[in-house]
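Q: Sequence below, structure please.
(2 chains)
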Amino acid sequence: MKNIKFFLLSLLVILLSPIKSYSLIEVDITRGNLNPLPVAVSPLSIDEKSKISFENLLKKKNIGEEISSIVENNLKTSGLFNPLNKDAFLQAPDIANLKPRFEDWNLIKAQALITGKVTKVEDKLRVEFRLWDVLAGKEMMALAFTTVPTNWRRVGHIISDKVYERLTGEKGYFDTRIIYVAEEGPKTKRIKKLAIMDQDGANNKFLTLGNELVLTPRFNPNSQMVTYLSYFRNLPRVYLLDIETGMQEVVGDFPGMTFAPRFSPDGKKIIMSFAKDGNSDIYTMDLENRIVEKITNHPSIDTSPSYSPNGKFICFNSDRSGYQQIYVMNSDGSNVKRISFGNGIYGTPVWSPRGDLIAFTKLHKGKFYIGVMRTDGSGERLLTENFYQEAPSWSPNGRVLIFYRETKTDDKGEGFSAKLWSIDLTGYNERMVKTPKDGSDPSWSSLLSN
Amino acid sequence: MKLNKILKNLLLVVVACFALSACATKKVSTGQMQGDVYTGTDTVEYLASGVPDRVFFATNESVLTTASRETLRKQAGWLRKNSNVTIVLEGHADERGTREYNLALGERRANAAKDYLMTYGISSDRISVLSYGKERPVDSGSNPLAWSKNRRSVTVKAN
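A: As a prediction, this is how the structure comes out:
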């Protein structure tokens, strides 16, 4: 949190009305949502003077409309909401924000209404918004933010998170970013670069040049640090990258390949595999005192470690039974227990930030699945099946998984592509996440604003 | 030149079809594979005359086959004759496995080759190991024959 470059400069959250009225609208996010909640996202109103001023500054014709379309898109992609067509809106945005005519909004079957106003205050962008319960005819929430104008997309994401939280009772995941590997070129000579983008695909930026192979970037849950594998100088090693300063450093001094890195939940340790003499074991390194600890000690392959959110347990992938399976152990390496017992082989276990589930990749009869199971291995549910897909990463609220999928090539070995996809826990609402080039190995950040 | 390439591709397709149909009927041997270990020479390069540069593995395996051991003995003979040569053993996996596991598997395969070379008197000082997991396939096909070519350990001259 020390560097504020990526955070809202002077984010002021002012509660306009601290009324916690009993809500009639509720969105159930625990089951497949076949009836997403109809919501009207009225364009944020803007006065002519502010509009022109922001147009000059941000090259956006109507910043109020732009911000509301971010909200609309976020709510729609969640699969829980159905933003209604604006053409049907009867009330003008500025009037609606003052006092909605609920009969009008009820007429188009909106159950929730979002209104708001954008103004320029000195050099800052000020956005206020309100969430209304149309059926009850009540205001559910009102907030205002003041920030630097270039943060306008983040304002849209923060509003989305507030609405999501108010209506579902759980934190949102819209004000977040994805780090991933951007890919291009023929399958036999792929060029891979680290890339980062907003959760909705905006603001894509490449972080490395593609001179060396890079794999499996993962966010620190508490800062803008990333850990990943780089083949710099043909020595595959785990690295740390500060995405604000661009500073990189190799993690530890291992006489061989280190790989499969992740941060501990407090961000103070890296857990990873170290391969030597044909054997891969799991190690941790404390980033403050540089102390290295060996966590597993077994002649099999032990890899893909992931901590439980309380830091007490580690799930990992091992072939000690003969094939890849998922195991759970205490964080000191004691009490190793196999938890995957279904048909097929299992890889890439990753513990949910809610603590209740482990997501995984499964190969069975030539098909790859993304699934979840409880942390004792019970209740296995497969969410999606494909020719090839792997490496799920959780949204910070533990409701959505992002992963990558590769296509089968044709008879000539052509037609290869790798894309990012997301799916929610119910197994509905599967979506491709657009990236400028191909993409793989996605990792979801924590919420940028808490 | 172009015709040559087309013919080669055609041949590949024919071979691939043959391999696929063979697989479907559970035959263990084709011209190009034994079990699912590649036995062809399409992708093989030579460190010296009669010294192939690579060995192939069965799915998920790092056990050396009889043919692999023969190849490695030839490599060991060549390395003994050229005692100033150092090598990198590059271990690879096919695309049908998760990325991180395949990195470990590639390392395990390259080390299987290294251990065998060492039993034939090649000093570990002359050998380094590098796993590419599934990152550098030689064949971009999505079929059993292509995968068999990609499950390999390649001996590369380092100096």
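
Q: give me the low-pLDDT residue ranges for the chain?
A: If you meant another chain, say so; for now it's chain A. When residues are selected by pLDDT under 70, those of chain A lie in A:1-25, A:29-33, A:450.

Q: hm, I was asking about chain B
A: Along chain B, segments meeting pLDDT under 70 span B:1-30.

Q: In it, which residue sits closest to chain A?
A: Nearest residue of chain B to chain A, counting by C-beta to the nearest C-beta: residue B:111, 3.3 Å away. C-beta coordinates here come from the backbone N, C-alpha and C atoms, glycine included.

Q: I'd assumed that residue was in a helix, is it?
A: Yes. Using DSSP: H, G, I helix; E, B strand; the rest coil, the secondary structure at residue B:111 is a helix.

Q: That one is in contact with residue A:277, isn't it?
A: Yes. Using C-beta atoms under 8 Å, residue B:111 is in contact with residue A:277, at 5.8 Å.

Q: Settle it for me: which of these two has more neighbours?
A: Applying other C-beta atoms under 10 Å in any protein chain shown to residue B:111 and residue A:277 shows that residue B:111 carries more neighbours, namely 22 against 13.

Q: residues touching that one, list them.
A: Shown in contact with residue B:111 (C-beta atoms under 8 Å, 6 or more residues apart in numbering or on different chains): A:277, A:278, B:62, B:89, B:91, B:129.

Q: go on, residue A:158?
A: By C-beta under 8 Å, 6+ apart, the contact list for residue A:158 reads A:8, A:145, A:174, A:175, A:449.

Q: That one sits in which helix or strand?
A: Residue A:158 belongs to helix A:152-168 when assigned by DSSP states H and E.

Q: got the buried residues for that helix?
A: A:152-164, A:166-168 (16 or more other C-beta atoms under 10 Å in any protein chain shown).

Q: how does chain A divide into domains?
A: According to automatic domain parsing, chain A comprises the domains A:14-168, A:177-444.

Q: need these in CSV with distance to residue B:138, can you?
A: Output for the domains of chain A, formatted as CSV (distance: least, C-beta to C-beta, whole Å):
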stretch, distance to residue B:138
domain A:14-168, 39
domain A:177-444, 6
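
Q: Tell me who's in contact with the residue in chain A that chain B sits nearest to.
A: Closest to chain B within chain A is residue A:278: 3.3 Å, counting by C-beta to the nearest C-beta. By C-beta under 8 Å, 6+ apart, residue A:278 lies in contact with B:62, B:107, B:108, B:110, B:111, B:112, B:115.

Q: mind running it again at 10 Å?
A: Each residue near residue A:278 by C-beta atoms under 10 Å, 6 or more residues apart in numbering or on different chains is listed here: A:299, A:301, B:62, B:91, B:104-105, B:107-115, B:129.

Q: who touches both of residue B:111 and residue A:277?
A: residue B:129.

Q: before we move on, back to that, would you turn the contacts of residue B:111 into TSV with secondary structure and distance to residue A:229?
A: Shown next, in TSV, are those (DSSP: H, G, I helix; E, B strand; the rest coil; distance: C-beta to C-beta, whole Å):
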residue	secondary structure	distance to residue A:229
A:277	coil	20
A:278	coil	19
B:62	coil	21
B:89	strand	19
B:91	strand	15
B:129	strand	16
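
Q: which among those residues gets closest to residue A:117?
A: Nearest to residue A:117 out of these is residue B:91 (C-beta to C-beta; 61.1 Å).

Q: what number of residues lie near that closest one?
A: When counting by other C-beta under 10 Å, one arrives at 31 neighbours for residue B:91.

Q: Could you give the bridge partners of it?
A: For residue B:91, the beta-bridge partners are residue B:131, residue B:153 (DSSP bridges).

Q: For the following helix or strand past the helix holding residue A:158, buried residues please.
A: Later in the chain than helix A:152-168, the nearest helix or strand by DSSP H and E is strand A:177-184. By 16+ other C-beta under 10 Å, the buried positions in strand A:177-184 come out as A:177, A:178, A:179, A:180, A:181, A:182, A:183.

Q: can you dump the C-alpha coordinates of stretch A:52-65 into PDB?
A: Extracted C-alpha coordinates of stretch A:52-65, given in PDB (Å, rounded to 0.1, in the frame of the first residue of the first chain):
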ATOM      1  CA  ILE A  52     -16.800  20.000 -22.000                       C
ATOM      2  CA  SER A  53     -14.000  20.300 -19.500                       C
ATOM      3  CA  PHE A  54     -13.700  16.500 -19.100                       C
ATOM      4  CA  GLU A  55     -14.100  16.000 -22.900                       C
ATOM      5  CA  ASN A  56     -11.000  18.100 -23.400                       C
ATOM      6  CA  LEU A  57      -9.100  16.300 -20.600                       C
ATOM      7  CA  LEU A  58     -10.100  12.700 -21.100                       C
ATOM      8  CA  LYS A  59     -11.200  12.700 -24.800                       C
ATOM      9  CA  LYS A  60     -14.500  11.100 -23.900                       C
ATOM     10  CA  LYS A  61     -17.600  12.800 -25.200                       C
ATOM     11  CA  ASN A  62     -19.800  12.200 -22.100                       C
ATOM     12  CA  ILE A  63     -17.900  10.900 -19.100                       C
ATOM     13  CA  GLY A  64     -21.200  10.400 -17.200                       C
ATOM     14  CA  GLU A  65     -22.300   8.000 -19.900                       C
END
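
Q: about what we covered before: intersect the buried residues of strand A:177-184 with the contacts of chain B.
A: Among these, the residues within reach of chain B (C-beta under 10 Å from any C-beta of the partner chain) are residue A:181.

Q: want to throw the buried residues of strand A:177-184 into CSV with distance to residue A:113?
A: Output for those, formatted as CSV (distance: C-beta to C-beta, whole Å):
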residue, distance to residue A:113
A:177, 29
A:178, 30
A:179, 35
A:180, 35
A:181, 41
A:182, 39
A:183, 42
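
Q: which secondary structure element contains residue A:358?
A: For residue A:358, the host element (DSSP H and E) is strand A:357-364.

Q: What pairs with that strand, parallel or antiparallel?
A: Next to strand A:357-364 in the sheet, as set by DSSP bridges, lie strand A:345-351 (antiparallel), strand A:367-374 (antiparallel).

Q: can you pull the buried residues of that strand?
A: Within strand A:357-364, the residues that count as buried by 16+ other C-beta under 10 Å are A:357, A:358, A:359, A:360, A:361, A:362, A:363.

Q: Need phi/psi at residue A:342.
A: Backbone dihedrals for residue A:342, given as degrees, to the nearest 10, come out at phi -70, psi 180.

Q: who's in contact with it?
A: By C-beta under 10 Å, 6+ apart, the contact set of residue A:342 is A:325, A:362, A:364, A:369, A:371, A:373, A:377, A:380, A:382.

Q: Now that we have those, which of them are buried?
A: Those of these that meet the buried threshold are A:325, A:362, A:369, A:371, A:373, A:377, A:380, A:382, by 16+ other C-beta under 10 Å.

Q: what sits opposite the closest residue to the second one other than its chain neighbours in the beta ladder?
A: Setting aside the residues directly before and after it, residue A:362 is nearest to residue A:369 in space (C-beta to C-beta, 6 or more residues apart in numbering or on different chains), at 4.4 Å. On the basis of DSSP bridges, residue A:369 is bridged to residue A:362, residue A:385.
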